[in-house]
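# coords please:
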Amino acid sequence: MKVHFISIGGSVMHQLAIALKRKGYEVTGTDDEIFEPSKTNLEKEGLLPTQPGWSPDLITSDIEAVILGMHAKADNPEIAKARQLGLKLYSFPEYIYKESISKRRVVVGGSHGKTTTTSMIMHVLNYAQRQFDYLVGARLEGFNQSVNITDAPIIICEGDEYPASVIEKRPKFHFLFPHVAIITGIAWDHINVFPTFKNYLEQFKIFISKIQPGGILIYNETDTVLNQLVLENKRDDIHLQPYAIPSHTITNGKTTVTIEEAKGALEVFGNHNLLNLNAAWYACKQIDIDAYTFINAISSFTGASKRLEKIAENDNAIVYRDFAHAPSKVKATIDAVKHQYPERQLVAVLELHTFSSLNEGFMSEYAGALEKADMAAVFYSQHALQLKRMPDLPKEVVERGFKKEGLFVITDKNELLVWLSKQQYKNASLVLMSSGNYDGLDINSFAQKITSDK
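I've put the predicted structure just below:
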């Protein structure tokens with residue numbers, strides 16, 4: 001099998017390229033710019049392009065698949081050459097389906113919790129020594145890649161609703177055709193792609209229609225929008241499995257959960273993670289994992305990278321880093337930490353970094369998201385606005401949108417560092433939420449500093 005990647009340097013694309021090479025395929029690829037860690041990872045596997053840029057000469061008639069990354073533009077000369085030769089062009093999810101057509105496919109969709117739920121299922125199957133392939137959007141302990149393609153009979157996929165490629169604008173999760181589907185919840189996001197909530201909701205309706213006959217839909221019944229969508233699009237040829245927060249207790253900041261007759265203490269916490277866990281349980285049950293095995297496995301799950309990831313701690317303070325950026329994710333993270341440590345002061349910082357979060361018209365969606373934080377700051381940089389070619393975002397618009405009394409709105413990273421340094425961290429929780437990097441601010445060093453101070 002000979003395959004070629006256009007934009008091989010993407011965070012997920014290069015992982016697929018490595019997986020296919022390890023499977024024995026002949027792999028080539030190009031990109032106009034490749035950053036770390038993709039560059040080193042590709043170099044180690046002998047897949048790093050010899051020079052940056054596009055090489056139509058590499059597109060030959062014996063290539064069986066050309067795989068497009070999101071970074072590739074529609075006028076890419078390699079796309080033109082592939083079309084000229086009549087080669088099959090695949091978006092990333094279309095190719096994943098091609099490789100998994102004979103496998104049992106578990107696909108996790110939803111506006112929030114996809115990565116964690118997918119990671120939980122992977123963690124349990126790994127613990128149970130089951131053979132499976134996977135696609136997940138974060139680094140996970142125990143797995144050296146985020147994509148793996150072998151001859152395993154099962155594949156576990158995080159199902160993203162973002163467009164599949166530059167020439168295939170439909171959402172990625174429309175191309176995976178699950179036998180076991182999960183929807184974790186629906187909250188409007190990606191407004192640059194889905195300009196109305198109705199349009200966004202339609203994508204999940206289509207996802208439900210893609211479930212294979214005889215399959216199962218596992219869905220969060222506590223989400224009223226999702227519950228209504230499932231009822232309105234009920235299919236007689238699939239099974240429905242609603243889920244909610246499982247039975248649990250919290251003692252001294254430690255959560256213990258009960259599934260059927262099995263009981264175990266968890267490393268993760270929060271209602272959103274308990275919901276994710278219950279969805280993962282029902283998916284694992286479909287793959288013949290019993291409750292005791294599930295609990296024994298999930299007890300050692302520490303979370304996916306940047307999902308309520310503990311980065312520093314002492315007797316007085318604990319610091320978490322979280323990927324939360326959409327309103328529902330921010331609220332879930334804040335609520336979880338406050339619920340787990342109710343006696344501690346909660347200090348929260350949210351960076352606005354995505355197109356949606358920096359959009360003035362979307363700001364009202366954040367109303368109440370930071371309500372349970374005792375001290376809260378929202379940060380965004382002019383650099384981020386410039387990169388996305390967006391207009392200025394006035395601080396007063398952010399203040400009105402969040403409706404949080406005493407909210408600090410900060411647009412300079414040095415000012416943010418000053419604000420953080422002024423906070424009291426005795427008996428406190430600090431939560432740093434962002435899909436960016438605070439304009440280059442070293443939050444890890446700051447976290448270590450406040451937890452090492454006596």
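# Only C-alpha atoms from now on, for both contacts and neighbour counts.
Noted.
# After the helix or strand bottoming out on mean pLDDT in the chain, which helix or strand is next?
Ranked by mean pLDDT, DSSP states H and E, the weakest helix or strand in the chain is helix 382-387, scoring a mean of 88. Note on helix 382-387: by DSSP states H and E, the next helix or strand toward the C-terminus is helix 395-402.
# Show me what the least confident helix or strand of the chain packs onto, helices and strands only.
The helices and strands touching helix 382-387, judged by 3 or more C-alpha pairs under 8 Å, 6 or more residues apart in numbering; DSSP states H and E, number zero.
# Can you tell me what sits against that helix?
For helix 382-387, the external contacting residues (C-alpha atoms under 8 Å, 6 or more residues apart in numbering) are 353, 358, 391, 392, 411, 439.
# list the buried ones in that helix?
By 16 or more other C-alpha atoms under 10 Å, the buried positions in helix 382-387 come out as 384, 385.
# how distant is it from the center of its chain?
In terms of C-alpha atoms, centre = their mean, to the nearest Å, the centre of helix 382-387 is set 23 Å apart from its chain centre.
# go on, stretch 408-421?
Distance, centroid of stretch 408-421 to centroid of chain: 27 Å (C-alpha atoms, centre = their mean).
# Kindly report the same for stretch 168-185.
Taking mean C-alpha positions (C-alpha atoms, centre = their mean), stretch 168-185 and its chain are 14 Å apart.
# hmm, back to that, so which pair among the contacts of helix 382-387 is furthest apart in space?
The most widely separated members of the contacts of helix 382-387, counting by C-alpha to C-alpha, are 391 and 439 (17.8 Å).
# Need phi/psi at residue 438.
phi 50, psi 40 (degrees, to the nearest 10).
# Tell me the spacing between it and residue 394.
Counting by C-alpha to C-alpha, to the nearest Å, the gap between residue 438 and residue 394 amounts to 18 Å.
# who has more neighbours, the two?
Under the neighbour definition other C-alpha atoms under 10 Å, residue 438 and residue 394 were set side by side, and residue 438 has more, 25 against 11.
# so what's that one scoring on pLDDT?
Note for residue 438: predicted pLDDT of 91.
# and what of the one 3 residues further on?
Residue 441 is assigned a pLDDT of 91 by the prediction.
# Okay, helices next: where are they in the stretch 1-150 of the chain?
Ranges of helices within the stretch 1-150 of the chain are 13-22, 38-44, 77-84, 92-99, 114-127, based on DSSP state H, counting those that start in this stretch.
# Please tabulate these in TSV and include mean neighbour count and distance to residue 383 as additional columns.
Below are the helices of the stretch 1-150 of the chain laid out as TSV (neighbours: other C-alpha atoms under 10 Å; distance: least, C-alpha to C-alpha, whole Å):
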stretch	mean neighbour count	distance to residue 383
helix 13-22	22	27
helix 38-44	16	24
helix 77-84	17	31
helix 92-99	19	30
helix 114-127	24	28
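# possible to save the ones you listed as CSV with mean pLDDT?
Supplementary listing: the helices of the stretch 1-150 of the chain in CSV, determined by pLDDT from 0 to 100:
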stretch, mean pLDDT
helix 13-22, 96
helix 38-44, 95
helix 77-84, 96
helix 92-99, 96
helix 114-127, 96
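# residues in contact with the residue most central in space within the chain?
In the chain, the C-alpha closest to the average C-alpha coordinate belongs to residue 115, at a distance of 4.2 Å (C-alpha atoms, centre = their mean). Contact partners of residue 115, counting by C-alpha under 8 Å, 6+ apart, are 136, 137, 138, 158, 304.
# Look up the closest residue to residue 391, ignoring the ones flanking it.
Nearest residue to residue 391, sequence neighbours excluded (C-alpha to C-alpha, 6 or more residues apart in numbering): residue 385, at 6.8 Å.
# I'd guessed residue 363 sits against residue 398; true?
Yes: if you go by C-alpha atoms under 8 Å, residue 363 and residue 398 touch, sitting 6.4 Å apart.
# more neighbours, those two?
Using other C-alpha under 10 Å as the criterion, residue 363 and residue 398 rank with residue 398 on top: 26 against 18.
# how far away is that one from residue 200?
Distance, residue 398 to residue 200, using C-alpha to C-alpha: 24 Å.
# now for the longest helix along the chain, which elements pack on it?
Ranked by residue count, the top helix of the chain under DSSP state H comes out as helix 271-286. With contacts taken as 3+ C-alpha pairs under 8 Å, 6+ apart, helix 271-286 sits against helix 114-127, strand 180-183, strand 216-220, strand 239-243, helix 291-298, helix 327-340.
# Given the fourth one, what are its sheet partners and their directions?
Under the criterion DSSP bridges, strand 239-243 sits next to strand 216-220 (parallel) in its sheet.
# What is the burial count for residue 442?
Using other C-alpha under 10 Å, residue 442 has 12 other residues around it.
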